[in-house]
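A structural model of the following input is requested.
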Amino acid sequence: MAIVELRTYTIRPGLLHEYLKFYHQEGFAIHCRYLGPSIGWFYSEVGPLNQVLMMWRYDSHAEREHRRDRLYADPDWLAFVPKTSAYIEAMENRILKPTFFSPLQ
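Below you'll find the model as predicted:
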């Protein structure tokens with residue numbers, strides 16, 4: 001059964017749009033090279049603010065682990081990650097399992 005990874009980054013106040021531009025220019029292509037196309041990218045407008053939410057689909061936990069291991073072996077990704085600390089205040093990660101009737105299987 002497929003799994004969906006939901007990552008939530010809380011961005012420092014006032015830096016949300018700057019972070020999105022920075023990530024899109026420097027990190028998105030590297031991420032997609034290893035994790036595949038994302039299900040979606042969102043930011044919050046109501047409730048907790050300054051949050052960026054991204055979703056990735058994997059066939060299994062093993063596939064997720066394999067893809068992330070390859071990502072963290074890439075020197076370009078390792079050079080990018082430290083640059084994000086100027087923007088990110090907190091991170092949260094969830095692994096979601098779709099229900100049997102979910103369109104995301």
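
which stretches of the chain form strands?
Under the criterion DSSP state E, the chain carries strands at the ranges 3-11, 40-43, 51-58, 88-96.

average pLDDT for the third one?
What that stands for is strand 51-58. Mean pLDDT, computed over strand 51-58, is 96.

what angle sits between it and strand 88-96?
30 degrees (axes from the mean of the first three to the mean of the last three C-alpha atoms, to 10 degrees).

looking at residue 102 now. What's its pLDDT?
The model's pLDDT for residue 102 equals 86.

mind checking the strands of the chain for the one nearest to residue 23?
With C-beta to C-beta as the criterion, residue 23 lies closest to strand 51-58 of those, at 7.9 Å. Using the backbone N, CA and C atoms, a C-beta is placed for each residue, glycine as well.

could I get the strands of the chain in JSON lines, plus columns for mean neighbour count?
Formatted as JSON lines, these follow (neighbours: other C-beta atoms under 10 Å):
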{"stretch": "strand 3-11", "mean neighbour count": "18"}
{"stretch": "strand 40-43", "mean neighbour count": "12"}
{"stretch": "strand 51-58", "mean neighbour count": "18"}
{"stretch": "strand 88-96", "mean neighbour count": "12"}
